[in-house]
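Undergrad: I would like the atomic coordinates for the input below:
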Amino acid sequence: MKRFVGLLTILGVLVVAGVASAHVTVWPKQSQANGYERYTVRVPTEKEIPTVKVRVELPEGTTFSGVLPVPGWKFDTEKDGSGKVVALDWSGGEIKKGEFFEFGVSVRNPKTAGPVVWKAYQTYSDGSVVEWNGPTGASTPAPAVTLTEAPATGTQEHSAPAAATPAAPAASAAPAPAPVSPTPAPAANPGFGTWLGSASLLISVIALFLALRKR
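TA: So this is what the prediction gives:
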């Protein structure tokens with residue numbers, strides 16, 4: 001008997017977990033107020049027939065930024081009187097039983113921290129619609145995200161960057177020695193050259209005279 005009760009308990013847990021996992025959800029579950037986030041809307045099919053349309057209403061205070069195209073699906077935006085996008089519709093594709101699709105959307109979060117609700121509507125091929133807009137714990141709860149406070153952006157002191165240490169001046173190259181010009185040969189003394197020439201002439205005359213005398 002105890003084993004039978006235990007098996008029933010386990011089965012009940014698995015059934016509850018299976019139902020919970022089949023809910024339409026939005027990820028991540030936590031983000032930052034007034035910050036930009038890329039959310040993923042995860043849509044599983046619980047029925048025997050396929051899902052053919054998904055509608056998501058953006059939380060109040062959310063600013064739409066963009067949507068990630070999904071092959072096989074087209075999307076449309078719904079705007080309010082001021083032209084602001086308030087809902088997204090995906091259609092044209094199919095999500096069969098046992099399958100799930102993920103639809104990406106980029107938004108700027110509301111400025112106030114706290115829980116925000118994304119209402120979703122899942123349409124099946126027979127025209128039936130499951131409205132995922134109930135409270136937490138309901139059979140069809142609305143996807144919820146918790147926004148945390150943005151960090152304070154107080155004045156941050158920035159120390160002035162240290163002045164770059166001037167590089168040591170490059171050692172000045174030793175001046176290249178001036179080219180040494182060859183020492184000019186001393187110019188011949190003109191007086192000495194004249195005397196030498198006269199002496200040579202005189203010796204020649206004397207030698208000639210002596211030669212003639214011997215004859």
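
Undergrad: identify the residues contacting L88.
TA: Shown in contact with L88 (C-beta atoms under 8 Å, 6 or more residues apart in numbering): 55-56, 58, 64, 67, 75-78, 103, 105. No exception for glycine: its C-beta is placed from N, CA and C like everyone else's.

Undergrad: same deal with N34?
TA: Contacts of N34 by C-beta under 8 Å, 6+ apart are 108-111, 150.

Undergrad: also P59?
TA: P59 makes contact with 110, 116-118, 145 under the criterion C-beta under 8 Å, 6+ apart.

Undergrad: which stretches of this structure form strands?
TA: For the chain, strands defined by DSSP state E occupy the ranges 25-27, 30-32, 36-44, 51-57, 63-67, 74-79, 85-95, 100-108, 114-117, 119-124, 129-132, 144-148.

Undergrad: and I206, which of these is closest to it?
TA: strand 36-44 (125.9 Å; C-beta to C-beta).

Undergrad: nearest to A138 among the strands of the chain would be which one?
TA: strand 129-132 (9.3 Å).

Undergrad: now tell me what touches the closest one from outside.
TA: Contacts of strand 129-132 (C-beta under 8 Å, 6+ apart): 23-24, 46, 119-124, 140-143.

Undergrad: please redo it, this time with the cut-off set to 6 Å
TA: 24, 120-123, 140, 142 (C-beta atoms under 6 Å, 6 or more residues apart in numbering).

Undergrad: in PyMOL, how would I select just the buried ones from the residues you listed?
TA: Applying 16 or more other C-beta atoms under 10 Å to the contacts of strand 129-132 leaves a buried subset, and the PyMOL line that selects it is:
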select buried, resi 24+120+121+122+123+142
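
Undergrad: sorry, back to before: closest to N133 out of the contacts of P59?
TA: V117 (7.7 Å).

Undergrad: need the contact list for the residue lying closest to that closest one once chain neighbours are set aside.
TA: Sequence neighbours aside, A142 is the residue nearest to V117 in space, at 4.7 Å (criterion: C-beta to C-beta, 6 or more residues apart in numbering). Contacts for A142 (C-beta under 6 Å, 6+ apart) come out as 117, 119, 132-133.
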